[in-house]
Structure formats: structure tokens, C-alpha cells
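Trainee: Here you go, sequence then predicted model.
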Amino acid sequence: MRTRFTEAISRYVRVAPFPHMTTISMAGLSLLCGAEASLESDSGNRFLAAVFWVLSALFAWGILLCQADALSRFREFERVRATLRRYGFKPRILRPVSSSRCQRDAALLAASETGFRAQAHRYFRELGYRWYHILPDRIVANPLYFFHPDFLRSTFLPRRSTQE
């Protein structure tokens, strides 16, 4: 029998599978770089040790960013789920969360839990999205948009929708 805690953890992981997989990958890379930095330090190569320590720290920072993204997707999932429960399926509810794979995953889980998965899947498919469309639309159009404050704000601080 599953407890509420294990169900909550399972839901949190299913809401944002890509950020969680990236977190695991970055944790492994951070550990490997840290181990290599330690080995280089022991062998007396301070320059390479410093390079690997910096890489390890950067990967650790990436872990924090991935988890911030996952938490944001979870908040978005809760908002979309509540909106779907309140108003039923309306495409305008899903339109703001259709531009990235992480957002679509969260919206599809919310739709699944409210009984609208088929409609949501069909809506995203009609918009032209397939399983391999992972990067956000804005990043595909302009890779430097990743550093734009609007992108960072929309990624880590999702806004309330006007439908609520």
C-alpha cells in the first residue's frame, strides 16, 4: 500500500521527468569531476585540479537550476489541474503551457488526473508537437533567448493564468 508521501514523491517526479533526469546526470558529472579534481590535486597538478573543481561546482549549480525548474513545473501542474477541475477542458487553459516539453508533461499529467488526457494529447498534437520536441519554442528560434530575463522568469516563476 502506498502512503501519501510516496504518492506525492511519485507525482513530483512524473510531473517533470526531464529536469529530474538532468539532475541525476549532473550529479554524476559533478561527482566525477570532484573525484578527478581530488586525484589531480594528489598528483600535484594544481591547474587541472582547479579546472575540475570549477566544473564540479558548475554541475552542482546546474542541479539547483534543474530542481528549481522541476519545482516550477510542479506548481504549474497544480495550477493547471485546479483550473481543469474548475472549468473542464478548454484549449485556452493549455495554450500557455504548450511551448516546452516540460510544461506539456506537467499539463498532460494534470489532464490525466482530471480525466482529460486524451483531449490534451490531441490538442498538443494538433499544435504540431511530437515526443521529440523537447526544447522550448523560443530557444529553438533563438538559442541566446535562454539568457533573456523573460525566459528565466517564465521558466522559474510561472504566472497565474487569466482564466482563473
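Mentor: Sure thing, it's come through. Quick caveat, the model's predicted, so the values are computed rather than measured. Numbers count the residues shown, from 1 in each chain.
Trainee: What ranges in this protein fall below the confidence cut-off?
Mentor: Where the chain drops to pLDDT under 70, the residues are 1-2, 158-164.
Trainee: what about the strands in this protein?
Mentor: Using DSSP state E, no strands are found in the chain.
Trainee: just the helices in it please.
Mentor: 4-15, 17-42, 46-87, 91-94, 101-113, 117-126, 137-141, 149-156 (DSSP state H).
Trainee: Redo those as TSV? Include mean neighbour count.
Mentor: Where C-beta positions appear, they are placed from N, C-alpha and C, glycine not excepted. Below are the helices of the chain laid out as TSV (neighbours: other Cβ atoms under 10 Å):
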stretch	mean neighbour count
helix 4-15	13
helix 17-42	16
helix 46-87	17
helix 91-94	18
helix 101-113	22
helix 117-126	16
helix 137-141	13
helix 149-156	13
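Trainee: Roughly how far does the residue in the chain sticking out farthest from the centre sit from residue 50?
Mentor: Distance to the chain centre peaks in the chain at residue 44, reaching 39.6 Å (criterion: Cα atoms, centre = their mean). Residue 44 is 13 Å from residue 50, where distance means Cβ to Cβ, to the nearest Å.
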